[in-house]
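A structural model of the following input is requested.
(chains A, B, C and D)
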2 protein chains.
Amino acid sequence: MPTRGETKETPGQTERPTAPAVTGRRRKPAARLSQPQRAYDRLKQMILDNELQAGAYVLQEELGVMLGVSRTPIREALIRLEQEGLVEIRPRHGMRVLPISIEAMREIYEVLTALEALAARIVATKGLASHQLAAMELAVDDMEGALTANDLDAWARADQRFHALLVGYSGNSRLIDMVETVIDQSYRVRRLTLRLRPKPVASNSDHRALVEAIRARDPERAYRVHEQHRRKSGEMLVELLKKLEIKTF
Amino acid sequence: MPTRGETKETPGQTERPTAPAVTGRRRKPAARLSQPQRAYDRLKQMILDNELQAGAYVLQEELGVMLGVSRTPIREALIRLEQEGLVEIRPRHGMRVLPISIEAMREIYEVLTALEALAARIVATKGLASHQLAAMELAVDDMEGALTANDLDAWARADQRFHALLVGYSGNSRLIDMVETVIDQSYRVRRLTLRLRPKPVASNSDHRALVEAIRARDPERAYRVHEQHRRKSGEMLVELLKKLEIKTF
DNA sequence: CGCACCGTTAATGTATACATTAAATGATCC
DNA sequence: GGATCATTTAATGTATACATTAACGGTGCG
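Next up is the predicted model:
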């Protein structure tokens, strides 16, 4: 497909190229963020960091006290978190951090695989500037280094960066948002299983193969390689969860 | 940490098998819906029906008067609509119904194609009960009948039903939600171009081929057939929009 | 005549008061 | 003793009052 510059910028949604963790909306760098935005950021951070235990009910009032605001901004933050699938709002019981079931992980990796494979195809079709390719390669190098140094957290960060770069380079804002949503939903499980899973050694050759396919401008190879990659890790995670015999996280 | 309650069930998200248009959340059949839910439903309906013109700014106060509620439920509804990519909230100008650009349509059909093709693969892998296959075939029959009767609106409804059935049968709630989001985002454009596009005659053989692949339990064929189908219609729509030389809808 | 500054104001952001309602409790009756 | 129903109550749902702030227009100065 010709990468013709379309008419203009998309007046569509918020854009957020490779944001790492909690961002949500808003982009004003200097402006003091609104209370709902701050509440959203902090709550999301607490959920992802497991400071708010999955399954736990917390009342709006308590959340307000925790963050030093009234219930109004809390409610608005909760609505967003609910729509992102991180919490559930139950009429008289407060909000509940949603546990992730095995079945949920299956669902998540199913869509994640399809979406990221699509991103790989798009990126390989468009081609990348050399500094973009370099950024992806750097991420792979960092993963390799982290593995050698036996630093699993550093590996996870670099891996996350690699995938975020790939998806971000697709330029499709809807794709980017959707991937972020499911990545966030499954973040806790990945984190908690990081030290229980086999060392991610095979990952790296997958990543290098993807970069090569992109460099070679071979969309179908990029698609296939990356789909396989995500499918494998998804299946590994689901199997791991089954073995752990823990129903939810 | 104010941890209350224990890890109990593992209900993922809201489920909504084949809901046709506006639903959002909540499922209580008899219960009177909350004001935010009602506001959300009505506003979404008005947006999709083009009663709220794309690009138009409307103040929260005005929306409240329109729906007979205060700003509080309106705000909560707007947050959801914003997150679904239907409106934009601008600090002092009210909310704005987002116009759909050509670029946005490209993005939407890119992810829609990937997600529905995934649904086709899943459904063909699992297989369908005979009444489910019958429901899909009925939708195809209805499309055919509508075409013969030259009733484009009926055709569009049946087409929508067919695709909703396919995605719903995948059983993947995240997939279902994501498809619904982009379908809603692009609804207005499809509606407005319904009479400008060539008669959707090829569609039907695609649909029949998909049903056949599902019946034959051939996931890769189902995937391929449906990806082609959505890709074609996406490209057709984008080309049509370009020809119309209208930048946004 | 134009530009910048400042005060006004309209709209939102936020807190709070009030209404509603489902859950919990206890008393009563079988 | 147990179950049902009325009552209480705690939490949310909703409206409203108040605070904040950016847009706008007018005025004065260069």
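
Every contact and neighbour count from this point should use C-alpha atoms.
OK.

Now do the contacts for residue A:186.
A:100, A:105, A:108 (C-alpha atoms under 8 Å, 6 or more residues apart in numbering or on different chains).

make that residue A:185, sorry
So residue A:185 contacts A:84, A:85, A:86, A:100, A:108 (C-alpha under 8 Å, 6+ apart).

at 7 Å instead, please
Under the criterion of C-alpha atoms under 7 Å, 6 or more residues apart in numbering or on different chains, the contact list for residue A:185 reads A:85, A:86.

how much space between it and residue A:143?
To residue A:143, residue A:185 is 23 Å away according to C-alpha to C-alpha, to the nearest Å.

do the same with residue A:33
Counting by C-alpha to C-alpha, the gap from residue A:33 to residue A:143 is 34 Å.

for residue A:195, same thing?
15 Å.

which residue ends up closest to the midpoint of chain A in space?
residue A:183 (2.7 Å; C-alpha atoms, centre = their mean).

Now the strand or helix carrying that residue: average pLDDT?
Per DSSP states H and E: residue A:183 is located in helix A:173-193. The average pLDDT within helix A:173-193 is 96.

Stretch A:71-82 too?
96.

ok, and what's touching that stretch?
Contacts of stretch A:71-82 (C-alpha under 7 Å, 6+ apart): A:35, A:36, A:37, A:39, A:40, A:60, A:61, A:64, A:87, A:88, A:89, B:76.

close to DNA strand C, is that stretch?
Yes: Stretch A:71-82 lies within reach of DNA strand C by C-alpha under 7 Å from any atom of the strand, at A:71, A:72, A:73.

Show me how far whichever strand or helix holds residue A:141 is from its chain's centre.
Using DSSP H and E, residue A:141 sits in helix A:130-148. Centroid separation for helix A:130-148 versus its chain: 18 Å, with C-alpha atoms, centre = their mean, to the nearest Å.

Show me what the helix or strand following it is packed up against.
Downstream of helix A:130-148, the first helix or strand assigned by DSSP H and E is helix A:152-170. On a contact count with 3 or more C-alpha pairs under 7 Å, 6 or more residues apart in numbering or on different chains; DSSP states H and E, helix A:152-170 meets helix A:102-126, helix A:130-148.

let's go with 10 Å and repeat that
Helix A:152-170 is packed against helix A:102-126, helix A:130-148, helix A:173-193, helix A:201-215, with contacts defined by 3 or more C-alpha pairs under 10 Å, 6 or more residues apart in numbering or on different chains; DSSP states H and E.

Next, the buried residues of it.
A:152, A:154-156, A:158-170 (16 or more other C-alpha atoms under 10 Å in any protein chain shown).

what do you get for stretch A:75-92?
Taking 16+ other C-alpha under 10 Å as the criterion, stretch A:75-92 shows A:75-89 as buried.

Stretch A:102-116 too?
A:102, A:104-116.

now it: mean pLDDT?
Stretch A:102-116 comes out at a mean pLDDT of 97.

then that stretch to CSV, C-alphas only?
Output in CSV follows, covering the C-alpha atoms of stretch A:102-116 (Å, rounded to 0.1, in the frame of the first residue of the first chain):
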residue,chain,number,x,y,z
ILE,A,102,-7.0,-17.7,33.3
GLU,A,103,-9.8,-17.2,30.9
ALA,A,104,-9.3,-13.5,30.9
MET,A,105,-5.6,-14.0,30.1
ARG,A,106,-6.6,-16.2,27.2
GLU,A,107,-8.9,-13.5,25.9
ILE,A,108,-6.3,-10.8,26.4
TYR,A,109,-3.5,-12.6,24.6
GLU,A,110,-5.9,-13.6,21.8
VAL,A,111,-6.5,-9.9,20.9
LEU,A,112,-3.1,-8.8,21.8
THR,A,113,-1.6,-11.3,19.4
ALA,A,114,-3.8,-10.1,16.6
LEU,A,115,-3.3,-6.4,17.3
GLU,A,116,0.5,-6.5,17.6
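
hmm, what's the outermost residue in chain A?
residue A:92 (30.8 Å).

so it, which of the three states?
Following DSSP: H, G, I helix; E, B strand; the rest coil, residue A:92 is assigned to coil.

Enumerate every residue touching whatever residue of chain A ends up closest to DNA strand D.
Using C-alpha to the nearest atom of the strand, the closest approach of chain A to DNA strand D is made by residue A:94 at 3.3 Å. By C-alpha atoms under 10 Å, 6 or more residues apart in numbering or on different chains, the contact list for residue A:94 reads A:56, A:57, A:58, A:59, A:60, A:61, A:62, A:63, A:88.

Of the residues you listed, just the buried ones, PyMOL syntax please.
Filtering the contacts of residue A:94 down to the buried ones (16+ other C-alpha under 10 Å) takes a single PyMOL command:
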select buried, chain A and resi 56+57+58+59+60+63+88
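
Tell me which of the contacts of residue A:94 fall in strands.
Applying DSSP state E to the contacts of residue A:94, the entries found in strands are A:57, A:58, A:88.

In three-state terms, label the closest residue to the first one other than its chain neighbours for me.
Taking C-alpha to C-alpha, 6 or more residues apart in numbering or on different chains, and ignoring the residues beside it in sequence, residue A:57 has residue A:96 as its nearest neighbour in space, at 4.5 Å. Secondary structure assignment for residue A:96 (three-state DSSP): strand.
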